[in-house]
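> below are the sequence and a predicted model; questions follow.
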Amino acid sequence: MATYKCFKCGKKVTTNVLQKRFICTGCGAIIFYKPRKYVAKIKAV
């Protein structure tokens, strides 16, 4: 089960909720992102 965050209010939303309606239950926004656990830093050459 993946967890997404609302771009507008930051509320965590699970995929079970998004299967029914792709709308944030907190603010009604429709833009989500999947937070990353690890940030990879790349050194520019």
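All right, it came through fine.
> quick one, strands of this protein?
Assigned by DSSP state E, the chain shows strands spanning 3-6, 12-14, 32-33.
> by contact count, what packs against the second one?
Spelled out, it's strand 12-14. Using 3 or more Cβ pairs under 8 Å, 6 or more residues apart in numbering; DSSP states H and E, the elements in contact with strand 12-14 are strand 3-6. In short, each C-beta sits where N, CA and C put it, glycine included.
> what packs against the strand it packs on?
With contacts taken as 3+ Cβ pairs under 8 Å, 6+ apart, strand 3-6 sits against strand 12-14, helix 15-20, strand 32-33.
> of the ones you listed, which is nearest Val39?
The closest of those to Val39 is strand 32-33. By Cβ to Cβ, the value is 13.9 Å.
> from Thr15, how far off is the closest residue to Pro35 other than its chain neighbours?
The spatial neighbour of Pro35 that comes closest, neighbours along the chain excluded (Cβ to Cβ, 6 or more residues apart in numbering), is Lys5 at 5.4 Å. Distance of Lys5 to Thr15, given as Cβ to Cβ, to the nearest Å: 13 Å.
> try Cys27
With Cβ to Cβ as the criterion, Cys27 and Thr15 are 19 Å apart.
> output the lowest mean pLDDT helix or strand found in the chain.
Lowest on mean pLDDT, DSSP states H and E among the helices and strands of the chain sits helix 15-20, with a mean of 73.
> pick the most buried one from the strands of the chain.
Ranked by mean neighbour count, those are led by strand 3-6 with a mean of 16 (mean count of other Cβ atoms under 10 Å).
> for that one, which strands pair with it and how are they oriented?
Paired neighbours of strand 3-6 in the sheet (DSSP bridges): strand 12-14 (antiparallel), strand 32-33 (antiparallel).
> returning to that earlier point: okay, the helices and strands packed on strand 3-6 in a markdown table with distance to Val45 next?
Putting the helices and strands packed on strand 3-6 into a markdown table (distance: least, Cβ to Cβ, whole Å) gives the following:
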| stretch | distance to Val45 |
| --- | --- |
| strand 12-14 | 37 |
| helix 15-20 | 38 |
| strand 32-33 | 29 |
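> before I go, just wanted to say thanks for your time.
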